[in-house]
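from the sequence below, what's the structure:
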Amino acid sequence: QHSSIIMSEELESLVKQDPNVHHVPLEVSNEQSVSSAVKSVDSLVGDAGLNLLINNAGVMSYPKSGSVFVASNDGLRQVLETNVVGVQTVTEGFRSLLMKAAAHRSDLPVSCARAGIVNISSNLGSIARVNSDNASYAFGYRVSKSAVNMLTRCHGLELVEQGVLCFCLHPGWVKTDMGTSQGQLTVEESVSDIMGLINSVTAEHAGAFLGAGMEVLPY
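Okay, here's the model as predicted:
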């Protein structure tokens with residue numbers, strides 16, 4: 001089984017503590033799994049639809065450093081399948097529930113309170129910020145996040161006309177399994193920043209790439 005299907009101890013504890021938290025198995029690179037997850041969520045949210053979708057699943061290819069030609073093509077394909085195609089598949093799958101929420105709360109302006117999609121990106125995907133000193137670092141991950149930024153821009157411009165706000169953000173270097181203990185932010189600090197963004201974005205941020213404090217980051 002994939003790690004996305006198996007609950008972490010933290011998530012399992014949260015599910016047991018709060019009846020409003022539901023564990024829905026989802027493997028983003030498997031269309032059948034996504035379809036099953038959509039049906040499960042639909043049964044939970046009902047006519048109100050889904051207000052917020054956060055595309056957070058991601059993998060990083062190895063080696064993290066060295067020449068860009070050291071990375072294996074198979075590794076690159078895996079990263080793109082999860083980090084890019086996965087975002088497209090999940091967003092496409094849940095779009096009907098988001099549209100339902102947008103229609104249900106048509107009294108609200110376009111915002112995440114009405115219907116929103118947050119794609120977790122990274123400043124490593126910024127083409128404007130790459131240079132000869134860091135170009136080879138996490139090559140496959142960089143490529144995938146650049147693609148996520150473009151995907152978000154395209155999704156954002158189309159969906160905002162339908163009442164759904166879509167944007168992407170850089171969560172910072174966080175102390176997680178991927179970010180390692182060397183990360184600069186705790187999970188709690190990063191989540192606080194992310195919630196601030198979610199509560200502040202408006203239609204003008206459709207397709208935007210944002211950082212902490214609403215900083216607009218270069219694609």
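
which secondary structure elements does the lowest-mean-pLDDT helix or strand in the chain sit against?
Of all helical and strand segments in the chain, the minimum by mean pLDDT, DSSP states H and E falls on helix 187-200, at a mean of 85. When contacts are defined as 3 or more CB pairs under 8 Å, 6 or more residues apart in numbering; DSSP states H and E, helix 187-200 sits against strand 116-120. C-beta coordinates here come from the backbone N, C-alpha and C atoms, glycine included.

what's the strand it packs on packed up against?
Of the remaining helices and strands, those touching strand 116-120 by 3+ CB pairs under 8 Å, 6+ apart are strand 52-55, helix 86-104, helix 139-159, strand 165-169, helix 187-200.

quick check: what element follows the least confident helix or strand of the chain along the chain?
Next in sequence after helix 187-200, counting helices and strands by DSSP states H and E, comes strand 209-210.

distance between that next one and the chain's centre?
Centroid displacement of strand 209-210 relative to its chain, using CA atoms, centre = their mean, to the nearest Å, is 12 Å.

average pLDDT for that strand, rounded please.
Per-region confidence: strand 209-210 scores 96 on mean pLDDT.

contacts for that strand?
Residues external to strand 209-210 that are found in contact with it (CB atoms under 8 Å, 6 or more residues apart in numbering): 121, 126, 149, 152-153, 167-170, 197, 201, 216-219.

try 6 Å this time
Taking CB atoms under 6 Å, 6 or more residues apart in numbering as the criterion, the residues outside strand 209-210 that touch it are Asn149, Cys168, Leu169, Leu197, Leu217, Tyr219.

again with stretch 139-150
Outside stretch 139-150, the residues within contact range by CB under 6 Å, 6+ apart are 60-61, 68, 71, 75-76, 79-80, 83-84, 87, 119, 121-122, 124-125, 127, 168, 209, 219.
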